[in-house]
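Show me how the following folds:
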Amino acid sequence: MAAMQTAGHERPLTIRGKCRPGTRLSGGATVTGDSWRERRRALQRDDPAEAQRAARLLDSMGTEERDDEEIEAEHRASRLAAAREYAPNALLEEELQLRLTGPDAEGGALRFQWGDALLEPVEHLISAAAGTPVQLELTGISAGSTVVHARPVTTTVEPARTDALDAPPTSAASTGLGTLTTLLDALESERDVREWAKLFDAVDTVSRALNRYALDLGVIWYGADGSLRRARLTEQGRSYVKRLRETRDRDQEITISGRITELRESGMVKVKTGTAKNAPAYDVCFEEPDELLRMRPGLGDNVHFRVRFRQQLDFMGIARSTEYTYLGPAAEQSSLPLDP
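Numbering: from 1, shown residues only. Predicted coordinates:
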């Protein structure tokens, strides 16, 4: 544990050196959340009466009903409560765990191609959820199946700005993980996720990578305040993401009026709707290029086109593509205020 701050200029105390699942101690021993139970059972294996007594004790404690993450979260909360008896502003070190499970992940090793396909996209997804860039750094890899341990990159803070009042109540990473775990829970239960539309492309990238390598993802976040957030993205959630990505056409008939700024032999005309440099411009396609040739248009000509405006929308309401197809001439009028 870090040295405690004396009264006067108190600042948050970061508690380090925790014994988490997969922590490697000197001498090569590895401590996991269940290892003490396993050792106890091994010692009492030849003594049925003692084994029954130990089983009753464990059952009365209720620990058999908890998994590794819950046990670790309770240990962290206990350490934080003890530390705050001496340093009221004490904080725990934040940790992110990414648990990869699948046919090829049982060995507890991280393949390079998995890391390349997943680590940066996960960091980008957390940043998008936080609304600000979040940098993460790898701190270790452990078994069960393959568990990647990471933490937010910390920057050196000037001593003059280390007062408790200057310490943020929650980090950007914590904010992002809170949003991300809520989104993943919604995807797994196939609920409406349109409120997280801005995160959909980022979560889709992660989902595609998991599908490519037949992996499920578990996200576990241990917060500085002792909190635990966790969620999973399994085949069920990824199938839901795939369905949400499917598109449908939406057609409208509109008029585009403006000046021709570009002509192509393939049958495309660029029409700019104003004289300002940043005025909207639209690429209007002619399904029959010969029809465009018969019109004999020239650069700078004013035109009034009746067009089919087609959008391909996914089930999140995001336009994946737009196109403008010439239908015929239109009476003179101003173009509709559409984004190109």
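
From the centroid of the chain, which residue is nearest?
residue 125 (3.0 Å; CA atoms, centre = their mean).

Which helix or strand contains it?
For residue 125, the host element (DSSP states H and E) is helix 112-130.

by contact count, what packs against that helix?
In terms of contacts (3 or more CB pairs under 8 Å, 6 or more residues apart in numbering; DSSP states H and E), helix 112-130 is packed against strand 95-101, strand 136-143, helix 172-188, helix 200-212. All C-beta atoms are positioned from the backbone trio N, CA, C, and that covers glycine.

Quick one: distance of it to the chain centre.
Relative to the chain's own centre, helix 112-130 is displaced by 7 Å; criterion: CA atoms, centre = their mean, to the nearest Å.

In contact with the residue nearest to the residue nearest to the centre of the chain when sequence neighbours are not counted: list those residues for me.
Of all residues not flanking residue 125 in the chain, residue 202 sits nearest, at 4.2 Å (CB to CB, 6 or more residues apart in numbering). Residues in contact with residue 202 (CB atoms under 8 Å, 6 or more residues apart in numbering) are 121, 124, 125, 128.

To residue 252, which of the helices and strands packed on helix 112-130 lies closest?
Across the helices and strands packed on helix 112-130, residue 252 has its closest neighbour in helix 200-212 (23.8 Å, CB to CB).

that older thread, show the pLDDT at the residue nearest to the centre of the chain.
Looking at residue 125, its pLDDT reads 97.

wait, it sits on residue 200?
No: between residue 125 and residue 200 there is no contact under CB atoms under 8 Å: 10.3 Å.

Could you pick out the longest strand of the protein?
strand 247-264 (DSSP state E).

Neighbouring strands - and their directions - for the helix or strand following it?
Next helix or strand after strand 247-264 toward the C-terminus (DSSP H and E): strand 268-272. Sheet pairing for strand 268-272, assigned by DSSP bridges, gives strand 247-264 (antiparallel), strand 281-285 (antiparallel).

Could you export strand 268-272 as CSV, CA atoms only?
In CSV, the C-alpha atoms belonging to strand 268-272 read as follows (Å, rounded to 0.1, in the frame of the first residue of the first chain):
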residue,chain,number,x,y,z
MET,A,268,-22.8,11.4,-63.3
VAL,A,269,-23.4,15.1,-62.9
LYS,A,270,-22.4,17.1,-59.9
VAL,A,271,-24.9,19.9,-59.1
LYS,A,272,-24.0,22.6,-56.7
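
Could I get the average pLDDT for it?
Mean per-residue pLDDT for strand 268-272: 93.

could you measure residue 274 against residue 309, distance?
18 Å (CB to CB, to the nearest Å).

These two - which one has more neighbours?
Neighbours per residue, other CB atoms under 10 Å: of residue 274 and residue 309, the larger number sits with residue 309, 17 against 13.
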